[in-house]
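Student: Predicted coordinates and the sequence they were generated for:
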Amino acid sequence: MLTTTANVAGILPDSFGPLIIQPVQDRSIAFQVSNVISTGTTKMRVPVITDDPNAAWVAEGAEINADEGTLDQLTITPTKVAGLTPISSELASDSSPAAGQLIGEGLARSIAKVVDAAFFGNAAAPAQKGLGGLVGVNVVDAGAAWINLDPFAEAIAEAEQVGATITSFVANPTDALILAQLKDEDGSNRPLLGVDPTQPTRRLVQGVRLFVSPAVAPGTVFGIPADRSLVVLRDDVTVDVDHSVFFTSHRVAVRAIMRVGFGFPHAAAIQKVTLTP
C-alpha cells in the first residue's frame, strides 16, 4: 500500500504506467522519428535483405528461374534505462490526477533525455549504440556554414538513390536557429524554411519536417527514413513504489524502468549532413 490512511487510494503503480510510457514516446525525438516496435521478448530479430531476388521477363510456358536473394539478420536487444525519484509521502497519497501527472512528467523527461542522448550519440554499454557510431551512413558535406538548403536536397536525393525516403531531419537547437534565420534572398524577410499549414509551428526543410534535439552534435543534421530506423520497446515497463529507502525523511521512492533498443537495418539510407569548417 502507498498510504496508511483509510479510504485513500493514492497514486498506485498501476496508475503510473500510462504516465510514463506515453510521455516518453511523446518527448523522445528518437521515438518520434523512428518505427516503434513493441516486443515481449528479450531480443528482436529483424530480417535484412542485402540483395533482392532477381526477376526477369519470361516467355509464356517457359521456366521461371528461382533466385532466393541474400538475407541477413539484425538482432536488437533492448537494454535498461531507469529513473528513480523521491517524493513526499503526502504527494504519494494524493489521488489527484495532477499529482500523478507531475511525477510522471518528471521521470518521462529524464528517461526521454537519456534515450535521445544514446540514439544520436555513440555511448558505451550498457547504453544502446546510436547514429553517432553507426558505420555506413551517407555523409553530405554542407560546407563551412549553413547558407542554403542545397545540402538537404542532396541528402534527400542520396536516400532516394538507395530506395529510401527521408521522413525527418533532426538538428541541434543552435543549427535549427541558423536554418530558421536563412532568407530566400538578400534583403528579404521570407524564410527559406517552410511551415506545415496544418501546424504552423512545425518547420519544414525541403518539405521534410525538422525536429530539434540538443542530443544532436552541433554542426550535424541527421536525415532519417522512419522505416530504416527502429526503436524497440519491451512490454515489461515497470513502475515501483517503495516506502522504506527514505523512511527517515518520510518520503517515498518511485522507480521507473524501461528497456529500449535501436536498430538500423539499412545504414546507407541514413543521411548525415555535416559542416566542415
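Tutor: That came through, no problem. None of the values given here were measured: they were computed from a predicted structure.

Student: switch to C-alpha atoms for all contacts and neighbour counts from now on
Tutor: Will do.

Student: Which residues does the helix or strand hosting Lys80 contact?
Tutor: Assigned by DSSP states H and E, Lys80 falls within strand 79-88. Identification of contacts with strand 79-88 by Cα atoms under 8 Å, 6 or more residues apart in numbering yields 107, 110-111, 114-115, 126-128, 246, 250-261.

Student: 6 Å instead?
Tutor: Arg251, Val252, Ala253, Val254, Arg255, Ala256, Ile257, Met258, Arg259, Val260 (Cα atoms under 6 Å, 6 or more residues apart in numbering).

Student: Can you verify the fourth one is assigned to a strand?
Tutor: This points to Val254. Yes: secondary structure of Val254 (DSSP: H, G, I helix; E, B strand; the rest coil): part of a strand.

Student: give me the number of residues near Gly187?
Tutor: 7 (other Cα atoms under 10 Å).

Student: so what's it scoring on pLDDT?
Tutor: Listed pLDDT for Gly187 reads 75.

Student: Is the closest residue to Thr238 other than its chain neighbours bridged to anything, and to what?
Tutor: For Thr238, ignoring the flanking residues on the chain, the nearest one in space by Cα to Cα, 6 or more residues apart in numbering is Ile257 at 5.3 Å. For Ile257, the beta-bridge partners are Ala82, Thr238 (DSSP bridges).

Student: Met44 now?
Tutor: For Met44, the beta-bridge partners are Ile76 (DSSP bridges).

Student: burial count for it?
Tutor: 20.

Student: Any stretches of the stretch 51-200 of the chain with poor pLDDT?
Tutor: 91-104 (pLDDT under 70).

Student: mind listing the strands for it?
Tutor: All strands of the stretch 51-200 of the chain, identified by DSSP state E, counting those that start in this stretch, fall at 70-76, 79-88, 138-141, 168-171, 194-196, 199-205.

Student: Could you list the buried residues of the second one?
Tutor: When neighbours are counted by 16 or more other Cα atoms under 10 Å, the buried residues of strand 79-88 are found to be Thr79, Val81, Ala82, Gly83, Pro86.

Student: Isn't Leu74 up against Val46?
Tutor: Yes: between Leu74 and Val46 there is a contact at 5.0 Å, judged by Cα atoms under 6 Å.

Student: Could I get the buried residues of strand 79-88 in a markdown table, plus columns for distance to Val216?
Tutor: A markdown table is the format used below for these (distance: Cα to Cα, whole Å):
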| residue | distance to Val216 |
| --- | --- |
| Thr79 | 21 |
| Val81 | 19 |
| Ala82 | 22 |
| Gly83 | 22 |
| Pro86 | 30 |
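
Student: Out of those, flag the one nearest to Val162.
Tutor: Thr79 (30.4 Å; Cα to Cα).

Student: how close does that closest one sit to Gln206?
Tutor: 35 Å (Cα to Cα, to the nearest Å).

Student: Next: Ile21.
Tutor: 32 Å.

Student: In terms of neighbours, single out the busier of those two.
Tutor: Taking neighbours as other Cα under 10 Å, Ile21 and Gln206 compare with Ile21 leading, 19 against 15.

Student: I'd guess the more buried one is in a helix, am I close?
Tutor: Yes: counting by three-state DSSP, one finds Ile21 located in a helix.

Student: How much space separates it from Ala62?
Tutor: 56 Å.

Student: burial count for the closest residue to Ser244 other than its chain neighbours?
Tutor: Among residues not flanking Ser244 along the chain, Val252 sits closest, at 7.5 Å (Cα to Cα, 6+ apart). By the criterion of other Cα under 10 Å, Val252 has 23 neighbours.

Student: now Val252, which residues is it bridged with?
Tutor: Where Val252 sits in a bridge, its partners, by DSSP bridges, are Ile87.
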